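K.L.:
This is the structure alone, sequence omitted:
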């Protein structure tokens with residue numbers, strides 16, 4: 001049977017547990033901050049991508065600058081309902097996926113070292 005701990009031993013254990021708790025809380029805070037940072041980065045990348053797409057659309061058809069969001073949505077729905085556009089979108093998506101897969105295979109083989117940058 002173990003002998004009872006002294007008050008000093010119990011206080012030392014309490015201090016050690018409090019120190020460990022503070023360390024774990026700090027670690028949790030750092031992880032939460034890291035998560036927020038990464039999520040913010042993803043939002044910034046998405047915003048950048050959407051702005052670039054919007055800018056491309058405006059450069060191809062400057063008149064769309066004057067459309068409301070509802071009018072623009074109606075226009076996009078009409079455009080993307082056209083069978084020719086649907087075929088073109090499918091073709092571009094398949095081409096993109098094929099290219100991305102080829103690049104992954106080449107990188108896995110170690111035959112290319114440069115990264116593709118999509119802007």
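P.N.:
Yep, that arrived. None of the values given here were measured: they were computed from a predicted structure. Numbering: from 1, shown residues only.

K.L.:
tell me which element the spatially most central residue of the chain is part of?
P.N.:
Centroid check for the chain by C-alpha atoms, centre = their mean gives residue 42 as the closest residue, at 3.3 Å. Assessed by DSSP states H and E, residue 42 sits inside helix 7-60.

K.L.:
how distant is the following helix or strand past that helix from the center of its chain?
P.N.:
The first helix or strand that comes after helix 7-60 along the chain, using DSSP H and E, is helix 69-81. Centre-to-centre, helix 69-81 and its host chain are 27 Å apart (C-alpha atoms, centre = their mean, to the nearest Å).

K.L.:
tell me the mean pLDDT for helix 69-81?
P.N.:
For helix 69-81, the mean per-residue pLDDT is 96.

K.L.:
how far off helix 7-60 does it point, in degrees?
P.N.:
Interaxial angle, helix 69-81 versus helix 7-60 (axes from the mean of the first three to the mean of the last three C-alpha atoms, to 10 degrees): 70 degrees.

K.L.:
Now do the end-to-end distance for stretch 55-69.
P.N.:
Length of stretch 55-69, first residue to last, C-alpha to C-alpha, to the nearest Å: 15 Å.

K.L.:
Pull the number of nearby residues for residue 64.
P.N.:
14 (other C-beta atoms under 10 Å). To be clear about C-beta, it is placed using only N, CA and C from the backbone, and glycine gets the same treatment.
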